[in-house]
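Colleague: show me the folded form of this:
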Amino acid sequence: MLLVMFLLVGAFLTPDFRQPSRAQQKGGKRPGAKPKDRQLVRPPADEATPKTKPGSPSVTASTAAANQQRLALVIGNSAYTNSPLPNPVNDARLIDETLRDLGFEVIKGENLSRPKMLEAVQTFGQRLGAGGVGLFYYAGHGVQVNGRNYLVPTSHGRITSLKEAEDELLNAEQVLGAMTAKQGLNIMILDACRDNPVKLGFTTADKPGFAELRNTPGGTFVAYATSPNHGASDGEGGNSPYSQALARSLRMRPSRLEDVFIHARIELEESTGGAQVPWEHSSIKTVFYFRPDVVSASPLPNFTYQGPLRNQLLKGLLGGLRQSNFTVLVVDASGEVEGQLNGRASFFVEDESKVQGLEMVEIPGGRFLMGTNAADADAAYADAKRYDKDETEEVVTVEMPQHSVDVKGFYMSRYEITQRQWRAVMGSLPRLDEKDRGDDLPVVHVSYRDAEKFCEMLSGMTGRFYRLPSEAEWEYASRAGSATPFAFGPTINPRVSNYNSNAPFGDAEARPSRKSLQPVGQSGSANAFGLYGMHGNVWEWCADNWHDNYDGAPTDGKAWKAPNEDTRSYRVIRGGSWDSIANSCRSASRRKAAVTTATKKLGFRVVSG
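Modeller: Numbering: from 1, shown residues only. All right, here's what the predicted structure looks like:
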């Protein structure tokens, strides 16, 4: 399966940049597979889009779900006779408002008795009709009785038997049954179990909180504010911490169902110090977006590279477009090289007398998924906390929501800008330690403003416009058609990248680290686009202003500019460095740095076209 991915073309952290607290040694290394030697074939430009595996949900499914009826039942119970709660009604109002903004018709109830709860559930079930999306949200007290979950009305009688529990409380499975009697997508969200005020007059072996709902029918997604058999917090403010995290996550653009809840989970775990960890159970068979991914649902544009530069190159400018052959290594989940692919790319070389061998590789345009999805975010966050137990959720929430981006073709420097090239354009090197000097080493100790000045000088010297890559262009080029955390597979090793290999990613084992800058192109494998050093060696400047997530990010591959001065003072850096843990070198990983930052771990590459 790893080989298939190469056929698809498509101040919280400043640059210290992420030292591990301890190296994780891993044993049980699996033997690598016998290397394969296959030709890397790119699809035509108009087919450069992520493909779905056979039998997997398609974009059409998500679009259809978005166009169906959206109906929600939202209940908040606060005014209990015993153990009243301040926030459930506020939580219900917050979720009500959020869902209405997302196109849901909402039936809302506050402080309901059992008959009123039953009436609302019955109306909800009837209104769902023959399909569509049904969402049930409940905030209030909840209790587990003999392994069954009950929602607690604001008042109830004495409970001395399981039958009385059924008569006095509302069985959550009864609600689910009313929803799933019809075909469609069913979402149940239980922000309950804040404590247990129900006094049972008979002995049970039940634990606190809710039990896991069993035998849920297909097409059902159940979310709990906390994990099974644990209590949830009502919060000290106007809302529970879960409803706050959920509402913010629902408003992401785009907001895929699974991504919403993983985003909320990470945020809640951080806000409660790990005391409350939400949990989900899913049997859904379709893709659903609360806010659709508008690009993925749109017709695929023509990505054929167009521009005066390519036309000039085809006519012989700078010796015309040349062809390069290279090898792409394929790494398995344990960090072993399991095969290799033969790649081929077009490139041109800037005037040798002016820029000292600047090779610019043609990157074909395409559509790709930018950022991190739910499963990868969960794994990346857990991996980051292996090396820093105080790591915050921003390490992955800044990479969300994952969204489709259309990128036009462009040219990118095959390697990071070298010290030889910097000196040829700028006249002299920045301040460098002696051990960091070398003509073929990446130029470092350059700020964002320095990199901008280099692009300006290079453009004037050559008569061609050069600039820093947009963040979308950078990630698209780094992924090179892959959908895994790294262009080479689910993890990396020192054969493909220069990073702190004492701190591996995923199931890879720790290995000796080079612990220094390496000459460009000499410390790893090319990716499927023929680019070197996209994972590690030096962090690289991008043109975008820093934003804390991708909510509202451009979908056309252009740099995301910000209007206010505070945000403009920070730019995006990508790729990790020779000293970074592997997690920081993932294609989706991103950090911010002040425009004046200049360190021995920070360089850049350029694009044109």
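Colleague: list the buried ones in the longest strand along the chain?
Modeller: In the chain, ranked by residue count with DSSP state E as the criterion, the top strand is strand 337-349. Counting neighbours by 16 or more other CB atoms under 10 Å, one finds that the buried residues in strand 337-349 are V337, E338, G339, Q340, L341, G343, A345, S346, F347, F348. All C-beta spots, glycine's among them, are computed from the backbone N, C-alpha and C.
Colleague: tell me which of these is nearest to H263?
Modeller: Compare each of the buried residues of strand 337-349 with H263 using CB to CB and the shortest gap goes to E338, at 32.6 Å.
Colleague: for K408, see how far away that closest one is.
Modeller: 33 Å (CB to CB, to the nearest Å).
Colleague: again with E362
Modeller: Distance check for E362 against K408: by CB to CB, it reads 12 Å.
Colleague: joint contacts of the two?
Modeller: Jointly contacting E362 and K408 under the rule CB atoms under 8 Å, 6 or more residues apart in numbering are Y305.
Colleague: give me the below-cutoff pLDDT ranges for the stretch 501-609 of the chain.
Modeller: With pLDDT under 70 as the threshold, the stretch 501-609 of the chain has low-confidence stretches at 565-568.
Colleague: oh, I was asking about the stretch 101-250 of the chain
Modeller: Applying pLDDT under 70 to the stretch 101-250 of the chain picks out residues 130, 181-183, 196, 201-206.
Colleague: tell me which stretches of it form strands.
Modeller: Using DSSP state E, counting those that start in this stretch, the strands of the stretch 101-250 of the chain run over 105-110, 133-139, 142-145, 148-151, 170-171, 185-191, 220-224.
Colleague: return the most buried member of those strands.
Modeller: Among the strands of the stretch 101-250 of the chain, judged by mean count of other CB atoms under 10 Å, the one packed with the most neighbours on average is strand 133-139 (a mean of 27).
Colleague: mind listing residues that contact it?
Modeller: 65, 68-77, 87-89, 91-92, 95, 99, 104, 124, 128, 151, 175-176, 179, 182, 184-192, 240, 243, 288.
Colleague: tilt between it and strand 220-224?
Modeller: Orientation note: strand 133-139 sits at an angle of 20 degrees relative to strand 220-224 (axes from the mean of the first three to the mean of the last three CA atoms, to 10 degrees).
Colleague: dump strand 133-139 to CSV, keeping only the CA atoms.
Modeller: Included here for strand 133-139 are C-alpha records, laid out as CSV according to Å, rounded to 0.1, in the frame of the first residue of the first chain:
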residue,chain,number,x,y,z
VAL,A,133,-29.2,13.7,9.3
GLY,A,134,-30.6,13.4,12.9
LEU,A,135,-28.6,14.9,15.8
PHE,A,136,-29.5,14.5,19.5
TYR,A,137,-27.7,16.6,22.1
TYR,A,138,-28.4,16.2,25.8
ALA,A,139,-26.8,18.2,28.7
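Colleague: given that strand, what are its sheet partners and their directions?
Modeller: strand 70-76 (parallel), strand 185-191 (parallel) (DSSP bridges).
Colleague: would a markdown table of those with distance to P519 be doable?
Modeller: Formatted as a markdown table, the strands paired with strand 133-139 follow (distance: least, CB to CB, whole Å):
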| stretch | distance to P519 |
| --- | --- |
| strand 70-76 | 56 |
| strand 185-191 | 53 |
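Colleague: weed out the non-buried ones from the contacts of strand 133-139.
Modeller: Buried subset of the contacts of strand 133-139 (neighbour count, 16+ other CB under 10 Å): 65, 69-77, 87-89, 91-92, 95, 99, 104, 124, 128, 151, 175-176, 179, 182, 184-192, 240, 243, 288.
Colleague: ok, the buried residues of strand 337-349 vs G231, which is closest?
Modeller: Closest approach between the buried residues of strand 337-349 and G231, by CB to CB: E338, at 45.8 Å.
Colleague: and M360, what element?
Modeller: In this structure, M360 sits in strand 359-363 according to DSSP states H and E.
Colleague: ok, L369 next?
Modeller: Following DSSP H and E, one finds L369 within strand 366-370.
Colleague: that strand packs against which elements?
Modeller: Packed against strand 366-370 by the contact rule (3 or more CB pairs under 8 Å, 6 or more residues apart in numbering; DSSP states H and E) you find strand 403-407, helix 471-479.
Colleague: now the last one: average pLDDT?
Modeller: Which is helix 471-479. Here the mean pLDDT over helix 471-479 is 98, rounded to a whole number.
Colleague: list the helices and strands that helix packs on?
Modeller: With 3+ CB pairs under 8 Å, 6+ apart as the test, helix 471-479 has strand 359-363, strand 366-370, strand 403-407, strand 410-413, strand 539-545, strand 570-574 packed against it.
Colleague: switch the cut-off to 10 Å
Modeller: On a contact count with 3 or more CB pairs under 10 Å, 6 or more residues apart in numbering; DSSP states H and E, helix 471-479 meets strand 359-363, strand 366-370, strand 403-407, strand 410-413, strand 539-545, strand 570-574, strand 590-594, strand 607-608.
Colleague: in JSON lines, list these along with distance to A508 and mean neighbour count.
Modeller: What follows is the helices and strands packed on helix 471-479, written out as JSON lines (distance: least, CB to CB, whole Å; neighbours: other CB atoms under 10 Å):
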{"stretch": "strand 359-363", "distance to A508": "28", "mean neighbour count": "23"}
{"stretch": "strand 366-370", "distance to A508": "23", "mean neighbour count": "24"}
{"stretch": "strand 403-407", "distance to A508": "28", "mean neighbour count": "24"}
{"stretch": "strand 410-413", "distance to A508": "27", "mean neighbour count": "24"}
{"stretch": "strand 539-545", "distance to A508": "21", "mean neighbour count": "26"}
{"stretch": "strand 570-574", "distance to A508": "21", "mean neighbour count": "26"}
{"stretch": "strand 590-594", "distance to A508": "22", "mean neighbour count": "22"}
{"stretch": "strand 607-608", "distance to A508": "31", "mean neighbour count": "22"}
